[in-house]
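> Requesting a structural model of the entry that follows:
(one chain, ligands or ions: 1)
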Amino acid sequence: MTTRILFVCLGNICRSPTAEGVFRALAAEGGVDVEVDSAGTSAWHVGSPPDSRAMAEAAGRGIDLSGLRARQAEPEDFERFDLIVGMDRSNVTRLEALRPAGNTTPVALFLGYAEGGLPTEVPDPYYEDNFPQVFDMLDAASRGLVARIAAGQELAQ
Ligand code: 4NP
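The predicted structure is shown next:
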């Protein structure tokens, strides 16, 4: 069975496209059947490729983000995906405002899937310029979520 997951941040040019690329690669490595996409809660960068700093960090770790283009999250995403994952609490709040009436798709914070010792929110690297640290957080959360799917556990936290 295919598990469909949408990763969401503010701009869809730093955190969520990196999450999409890392998670897709780790799921393939782990033989886990997934469909993955990413989106932003804002429309600021719609149609743009990922931030060059995010692409460079990912490329250095063997992940190619160059084909991705930003789009804005929309209510229909709640019907298309089995799980929607926000990077920080404001992403989750904005996502909940898009939820169609009666829809029960889980919305979760990504770092809730990571093992041990991480903060609960992925900081915004667009301003903080901490792309290596953010990549490590996204990698840890991806490993946890891949393991959860492989084990057949609940997607919701
Ligand atoms: P992201 O980072 O949400 O991880 O894609 C940001 C990208 C752009 C902006 C803010 C955060 N911005 O203000 O344009």
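
> And the longest helix seen in the chain, what does it pack against?
Ranked by number of residues, the top helix in the chain under DSSP state H is helix 131-150. In terms of contacts (3 or more CB pairs under 8 Å, 6 or more residues apart in numbering; DSSP states H and E), helix 131-150 is packed against helix 15-29, helix 52-60. Every residue, glycine included, has its C-beta placed from N, CA and C.

> Select, out of those helices, the one closest to Gly40.
Closest to Gly40 of the helices and strands packed on helix 131-150 is helix 15-29 (CB to CB; 6.9 Å).

> what helix or strand is Leu98 on?
Under DSSP states H and E, no helix or strand contains Leu98.

> now swap in Ala39 and tell me
Ala39 is part of strand 34-40 when elements are defined by DSSP H and E.

> Just the buried positions in that strand, please.
Neighbour-count burial for strand 34-40, counted by 16 or more other CB atoms under 10 Å, picks out Val34, Val36, Asp37, Ser38, Ala39, Gly40.

> Neighbours of Asp136, how many?
When neighbours are counted by other CB atoms under 10 Å, Asp136 registers 15.

> How much space separates it from the ligand?
Per CB to the nearest ligand atom, to the nearest Å, Asp136 is found 15 Å from the ligand.

> Also Phe23?
Distance from Phe23 to the ligand, by CB to the nearest ligand atom: 15 Å.

> Let me see the contact set for that residue.
Phe23 makes contact with Ile5, Phe7, Val34, Val36, Leu138, Ser142, Leu145, Val146, according to CB atoms under 8 Å, 6 or more residues apart in numbering.

> want to throw the residues you listed into JSON lines with distance to the ligand and pLDDT?
Converted to JSON lines, those look like this (distance: CB to the nearest ligand atom, whole Å; pLDDT from 0 to 100):
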{"residue": "Ile5", "distance to the ligand": "17", "pLDDT": "98"}
{"residue": "Phe7", "distance to the ligand": "10", "pLDDT": "99"}
{"residue": "Val34", "distance to the ligand": "21", "pLDDT": "98"}
{"residue": "Val36", "distance to the ligand": "16", "pLDDT": "98"}
{"residue": "Leu138", "distance to the ligand": "10", "pLDDT": "98"}
{"residue": "Ser142", "distance to the ligand": "15", "pLDDT": "98"}
{"residue": "Leu145", "distance to the ligand": "18", "pLDDT": "98"}
{"residue": "Val146", "distance to the ligand": "21", "pLDDT": "98"}
